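coordinates for the following, if possible.
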Amino acid sequence: MEPRRVRLSFPATGESVIAELLEDQAPAVCEFVWSILPIEHKAIHGMYSGAEVFVLLDTPQPLPRENEIQLPLPGELLYFHDEGQSGVGSRKAVSEICFVYGRGVVLRQAEGVPTFCRLFARVPGDWTRDWTEFAKACRRVRWEGPQTLRIERVE
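Numbering: from 1, shown residues only. Down below sits the predicted model:
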């Protein structure tokens, strides 16, 4: 059976990638994300972890701790949730969908506090050749500020 897929795109400039859901490794997260699509929010560049962008979800949702990682690879989609009780994070609950677009990402919060995200999807192929334009668009978010990112089902 073919995996379900999602498309991430920057509507203003047209760059996009397609990721395959990892339903056997993160079934609850995949089902939740699938159920809230499509979403379209400003992508924000991470401050603490490295080459990653994220969108905040309107309704923060705690999900089962499945397929958690701290050292993601380029092309991986992650689900992050924090209840807002950390001494270094937000004072309210927050959920994010994160996309890693480059190497060297170590997931952490303010002050270098390690954190973990749920890995739920991956872009197939070689990140150094197959989706370089999308990676460049992600990097632009760092230098030019938040850009609208759309995440939708591929059916």
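
can you tell me the element the residue nearest the centre of the chain falls in?
In the chain, the centroid-proximal residue (Cα atoms, centre = their mean) is residue 98; its distance is 1.7 Å. Per DSSP states H and E: residue 98 is located in strand 94-100.

same deal with residue 139?
According to DSSP H and E, residue 139 maps onto helix 132-144.

pull the contacting residues for the closest residue to residue 44 other than its chain neighbours.
Nearest-residue entry for residue 44: residue 146, 5.3 Å, with adjacent residues in sequence omitted and distances by Cβ to Cβ, 6 or more residues apart in numbering. C-beta: built from backbone N, CA, C; applies to glycine. Each residue near residue 146 by Cβ atoms under 8 Å, 6 or more residues apart in numbering is listed here: 42, 43, 44, 45.

can you show me the CA trace of stretch 63-78 as PDB?
Taking C-alpha atoms only, stretch 63-78 is exported to PDB below (Å, rounded to 0.1, in the frame of the first residue of the first chain):
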ATOM      1  CA  LEU A  63      -0.300  13.600  21.300                       C
ATOM      2  CA  PRO A  64       1.100  10.200  22.200                       C
ATOM      3  CA  ARG A  65       4.900  10.200  22.500                       C
ATOM      4  CA  GLU A  66       5.700   8.100  19.400                       C
ATOM      5  CA  ASN A  67       8.800   8.000  17.200                       C
ATOM      6  CA  GLU A  68      10.500  10.900  19.200                       C
ATOM      7  CA  ILE A  69      13.800  12.100  18.000                       C
ATOM      8  CA  GLN A  70      16.300  14.800  18.900                       C
ATOM      9  CA  LEU A  71      18.600  14.700  15.800                       C
ATOM     10  CA  PRO A  72      16.400  15.000  12.800                       C
ATOM     11  CA  LEU A  73      17.700  14.700   9.200                       C
ATOM     12  CA  PRO A  74      17.000  17.000   6.200                       C
ATOM     13  CA  GLY A  75      13.600  16.400   4.800                       C
ATOM     14  CA  GLU A  76      11.900  15.200   8.000                       C
ATOM     15  CA  LEU A  77       8.600  16.600   9.300                       C
ATOM     16  CA  LEU A  78       8.200  16.800  13.000                       C
END
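
residue 123 reaches residue 16, doesn't it?
No - if you go by Cβ atoms under 8 Å, residue 123 and residue 16 don't touch, sitting 10.4 Å apart.
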